[in-house]
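**Q** Build me a structure from this.
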Amino acid sequence: MSKKRLLYIGIPVVLLILGYFFFSSDTEDQVSITAKVVKGEFLSEVIISGEAQSTSLKNIDGPANLRKFRLNNIKIQDLIPEGTVVKEGDYVGKLDPSPVNEQIIDARLSLESAESKYLQEQLDTTLTLKQERTAIKDIQFNITEDELELKQSIYESPTTIKQLEIKIERAIRDLKEKKEDYFIKRRKAIAKMVEVGTEVSKIRTKLADLMALQASFTIHSSANGMVTYAKNWDGSKKKVGSDINAWNLTIATLPDLTKMESKTYSNEVDIRKLKKEQTVSVGFDAFPDITMDGVVTTVANVGESKRGSDIKLFQVLIKLKDSNASIRPGMTTSNRILIQKQEDVLMIPLEAIFSKDSISYVYTESGFSIDKKEVELGDSNEDVIIITKGLNENDIVFLSKPEGLEEKSIAQVN
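**A** Sure, this is the predicted structure:
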């Protein structure tokens with residue numbers, strides 16, 4: 001092929017390519033996105049995220065008698081992984097026993113001191129009462145001797161006899177007083193022994209309770225189930241290093257996976273739309289293919305502030321009608337709460353609606369031209385809005401303002 005012929009063919013091809021790029025760019029700039037008016041089912045929904053939780057659960061608690069021993073803020077030393085399936089009696093975790101160990105050491109020292117005091121009191125009592133009994137016997141012997149001497153003194157002078165009789169009477173009186181003193185001292189010794197013995201028994205009981213408390217710092221499951229960590233007051237989960245106290249002993253829970261709900265929070269705008277018994281479609285971020293039916297069971301009347309925010313949120317509880325073995329407490333849920341449903345209504349995208357001086361209108365195709373038409377609007381959701389008057393099914397509307405039509409008059413609704 002000659003160079004001249006190539007030149008004749010090549011120049012038109014180049015011109016065609018340049019013309020395509022030049023004119024196509026202008027054409028693309030003029031293309032507007034449109035949508036059809038469709039007729040069908042309209043759904044008004046509130047979509048909020050939440051968290052799956054069980055409506056029925058058993059607590060795994062720490063020792064119940066922490067307050068008795070003035071123990072507070074006990075740290076969790078060990079805890080099995082969350083989600084572990086356990087049986088009743090299985091090991092769950094352990095608390096730091098240091099505060100109990102200190103009290104056990106103190107109790108043992110106190111017990112040794114009390115037992116030593118008890119033994120000393122016992123020896124002192126034995127010795128004192130023995131001396132009292134000996135003194136009583138000595139007086140009795142003296143009386144016996146004086147009575148024998150009195151019998152042998154029948155030939156003595158009356159004065160001598162009278163002196164012996166007085167001596168015997170005095171001894172008998174002393175004996176009576178000595179016996180009374182003995183019984184008083186004996187009762188006092190018994191009371192003292194009871195007091196010291198009670199103190200020993202009290203300390204022994206306390207030591208035994210402390211030993212039992214120490215053993216209970218090893219936590220075991222109270223039932224069969226799957227372990228879920230309990231939450232602190234700020235919503236964070238308890239873990240190794242977290243504290244428990246006498247007013248909140250729960251370390252973990254055993255949820256009933258057949259009774260689940262979704263706990264969520266609605267803002268002040270949407271809460272007005274929510275009511276009990278509204279139907280909900282609940283999805284799960286962890287399992288996009290799983291969707292479950294639910295129903296609103298609780299709508300809070302009083303809002304609460306989340307930590308670090310001044311926005312008021314209202315708690316909403318949604319009961320799941322069915323169960324699924326894959327769903328676990330703590331999973332993120334997506335809750336589509338049905339507010340309203342209308343059948344056979346005309347709808348267009350929200351982007352197709354424009355307004356001027358309180359008049360709502362659309363740009364719609366009319367043959368080869370574009371008209372501005374007033375429309376009457378119904379309810380809307382996040383995507384579409386109902387058209388009650390002004391358009392027909394399959395009409396074409398523009399989702400953005402076509403250029404050059406801003407001053408065109410709006411056709412009124414008949």
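
**Q** measure the residue of the chain positioned farthest from its centre to I161 for me?
**A** Most distant from the centre of the chain: Y155, at 104.4 Å, with distances by CA atoms, centre = their mean. Per CB to CB, to the nearest Å, Y155 is found 10 Å from I161. The way it works is simple: take the backbone N, C-alpha and C, and place the C-beta from them, glycine included.

**Q** which SS class is the residue farthest from the centre of the chain?
**A** For Y155, the assignment made with DSSP: H, G, I helix; E, B strand; the rest coil gives coil.

**Q** same deal with I139?
**A** Three-state assignment for I139 (three-state DSSP): helix.

**Q** try the one 4 residues further on
**A** Recorded secondary structure, I143: helix (three-state DSSP).

**Q** That one: what's it in contact with?
**A** 168, 171-172, 175 (CB atoms under 8 Å, 6 or more residues apart in numbering).

**Q** could you point out which element follows the helix or strand where K373 lies?
**A** Per DSSP states H and E: K373 is located in strand 369-374. Under the assignment DSSP H and E, the closest C-terminal helix or strand after strand 369-374 is strand 376-380.

**Q** Which one of the contacts of I143 is nearest to D146?
**A** If you rank those by distance to D146 using CB to CB, I168 comes first, at 4.7 Å.

**Q** That closest one contacts E147, correct?
**A** Yes: here I168 lies in contact with E147, judged by CB atoms under 8 Å, at a distance of 6.2 Å.

**Q** before we move on, the earlier item: now the contacts of I143: which count as buried?
**A** 168, 171, 175 (16 or more other CB atoms under 10 Å).

**Q** can I assume the second one sits in a strand?
**A** Translated: A171. No: per three-state DSSP, A171 lies outside any strand segment and is helix.

**Q** ok, now which ones touch it?
**A** Taking CB under 8 Å, 6+ apart, we find A171 in contact with 139, 142-143, 146.

**Q** What of the last one?
**A** For L175, the residues meeting the contact criterion (CB under 8 Å, 6+ apart) are 136, 139-140, 143.

**Q** tell me which element it is part of?
**A** L175 is part of helix 158-216 when elements are defined by DSSP H and E.

**Q** what's the model's confidence in that helix, averaged?
**A** Mean pLDDT, computed over helix 158-216, is 89.

**Q** And for stretch 240-252?
**A** Average pLDDT, stretch 240-252: 90.

**Q** and what of stretch 85-97?
**A** The average pLDDT within stretch 85-97 is 92.

**Q** coming back round to it: and the strand holding K373, how far out from the chain's middle?
**A** Taking CA atoms, centre = their mean, to the nearest Å, one finds strand 369-374 lying 59 Å from the centre of the chain it belongs to.
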